[in-house]
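*Asks:* build the 3D model from these lines:
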Amino acid sequence: MAELHIIGQIVGGTGFPQNSLFCKWGVHAGGAWRLLAGLKEGQTQVDIPQTGDMAYWSHPIDLHYATKGVQGWPKLHLQVWHQDSFGRCQLYGYGYCHIPSSPGHHRISCVTWRPIGSWQEQLAQMFVGGGPQLRSPELVYSGADRYRLHTEAMGTVELELGIIMRHFDKYGVES
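*Replies:* Numbering: from 1, shown residues only. Purely as a prediction, here's the structure:
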């Protein structure tokens with residue numbers, strides 16, 4: 001079987017309305033892909049930057065997949081959350097990006113967005129916090145009904161990933 005190694009880190013996030021951020025992440029792959037080693041989801045620590053607006057997480061990612069085809073290539077999906085001084089968490093953005101399909105070192109900027117509600121919900125969000133969230137987080141990377149959502153752009157998550165591909169040439173994929 002062809003093998004794909006994904007080794008890298010979630011560097012951090014920038015451009016969000018407030019600091020004190022953490023990131024929940026996961027990798028989704030098609031049915032032909034099998035995870036041999038590593039965790040396919042996780043969560044970073046909360047970072048409160050002292051200078052600048054970049055929250056540094058430096059959270060490691062180390063995955064090893066096996067596959068018989070390239071259909072369903074892995075995607076990384078992210079949720080960025082803000083934690084206030086009372087420990088309450090508020091969603092600040094969803095995002096996803098495809099894992100690079102060429103070997104080597106890659107620096108990826110993953111843009112994020114969040115759903116916006118009606119003007120009443122936005123007013124309540126200003127005073128009470130919270131805000132609309134997706135019922136099904138799979139909507140982020142599936143794209144089925146995503147075009148119908150009303151959203152606003154949020155910040156960017158920076159990733160550094162090293163990609164190692166093995167035996168893809170035996171399955172007709174040139175690297």
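*Asks:* could you give the mean pLDDT of the strand of greatest length in the chain?
*Replies:* For the chain, the strand reaching the highest residue count under DSSP state E is reported as strand 151-166. Regarding strand 151-166, the rounded mean pLDDT is 92.
*Asks:* quickly list what residue 4 is bridged to.
*Replies:* residue 65, residue 165 (DSSP bridges).
*Asks:* list the contacts for it?
*Replies:* Shown in contact with residue 4 (CB atoms under 8 Å, 6 or more residues apart in numbering): 63-67, 74, 99, 163-166. No exception for glycine: its C-beta is placed from N, CA and C like everyone else's.
*Asks:* mind doing that once more with 7 Å?
*Replies:* Taking CB atoms under 7 Å, 6 or more residues apart in numbering as the criterion, residue 4 is in contact with 65, 67, 165.
*Asks:* please compute how far the longest strand of the chain lies from its chain's middle.
*Replies:* Computed by CA atoms, centre = their mean, to the nearest Å, the separation of strand 151-166 from the middle of its chain amounts to 7 Å.
*Asks:* same question for stretch 84-93.
*Replies:* In this view, stretch 84-93 has its centroid 18 Å away from the chain centroid, taken as CA atoms, centre = their mean.
*Asks:* can you check stretch 105-114 too?
*Replies:* Per CA atoms, centre = their mean, the displacement of stretch 105-114 from the mean C-alpha position of its chain is 8 Å.
*Asks:* got the contact list for it?
*Replies:* With CB under 7 Å, 6+ apart as the test, stretch 105-114 has contacts from 78, 80, 91-95, 97, 100, 151-163.
*Asks:* would a markdown table of the contacts of residue 4 with neighbour count be doable?
*Replies:* Below are those laid out as a markdown table (neighbours: other CB atoms under 10 Å):
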| residue | neighbour count |
| --- | --- |
| 65 | 23 |
| 67 | 23 |
| 165 | 16 |
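*Asks:* ok, those residues vs residue 115, which is closest?
*Replies:* Lowest distance from residue 115 to the contacts of residue 4 (CB to CB) belongs to residue 65, with 30.7 Å.
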